[in-house]
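>>> What follows is a protein structure lacking sequence information:
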């Protein structure tokens, strides 16, 4: 069994450590590394957190929830990152997954979809046929992306977001939880339900 490094020591790292034991490919852990010296020497699910200097030439995974930070750290290890697919996920034939990407338990990625590097398809999310998802994207739990959608780099789709067929969401957009996206979203936009006060005439 191959052993890899895990970079990051927050909540997302706990998910990664669990997925390493429950993936379609099982991995051991050489080290858990983090930039924060205050965490060094502390414990994360039985792993001692250390500095980046403990990473050697092994492959690894960047376990950081923030999209841009995850991509920034991942750029230091390009070509060395594994892709993780939980054994209870379903990934169809002819799907392309970029390096450093995570497909979590209960997720479904349908035929001919493409998911870029260092993206997260979270618990119970679905990705329709021929969808294109960029780099550093987080598709939160329970999202449903229909066929042919195009999701740009760094996009965060909040819990339970629904994107109808063929819609394009521009890079760095943020869609709050529970939204139904029926038309294209421009780059950098934030989509949310208006507060009650704002919605009143």
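On my side now, so go ahead. Just so it is clear, the structure is predicted and the values come from calculations on it, not from any experiment.
>>> any idea how far residue 51 lies from residue 41?
Computed as CB to CB, to the nearest Å, the residue 51 to residue 41 distance reads 10 Å. All C-beta atoms are positioned from the backbone trio N, CA, C, and that covers glycine.
>>> I meant to write residue 174 there.
In this view, residue 174 and residue 41 are 35 Å apart by CB to CB.
>>> So for those two, which sits in the more crowded spot?
The neighbour comparison of residue 174 against residue 41 (other CB atoms under 10 Å) goes to residue 174, with 18 against 10.
>>> Report the beta-bridge partners for that one.
residue 156, residue 190 (DSSP bridges).
>>> Read off the pLDDT value for it.
pLDDT, residue 174: 97.
>>> surely it meets residue 191?
Yes - judged on CB atoms under 8 Å, residue 174 makes contact with residue 191 at a distance of 7.3 Å.
>>> Check for me that residue 65 belongs to a strand.
No - counting by DSSP: H, G, I helix; E, B strand; the rest coil, residue 65 is located in no strand; its state is coil.
>>> Assign a three-state SS to the closest residue to it other than its chain neighbours, would you?
Distance criterion CB to CB, 6 or more residues apart in numbering; nearest residue to residue 65, sequence neighbours excluded, is residue 12 at 4.1 Å. Using three-state DSSP, the structure places residue 12 in helix.
>>> Now for residue 41: which residues touch it?
Contacts for residue 41 (CB atoms under 8 Å, 6 or more residues apart in numbering) come out as 48, 49, 50.
>>> what would the residues you listed look like in JSON lines with neighbour count?
Converted to JSON lines, the contacts of residue 41 look like this (neighbours: other CB atoms under 10 Å):
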{"residue": "48", "neighbour count": "13"}
{"residue": "49", "neighbour count": "22"}
{"residue": "50", "neighbour count": "18"}
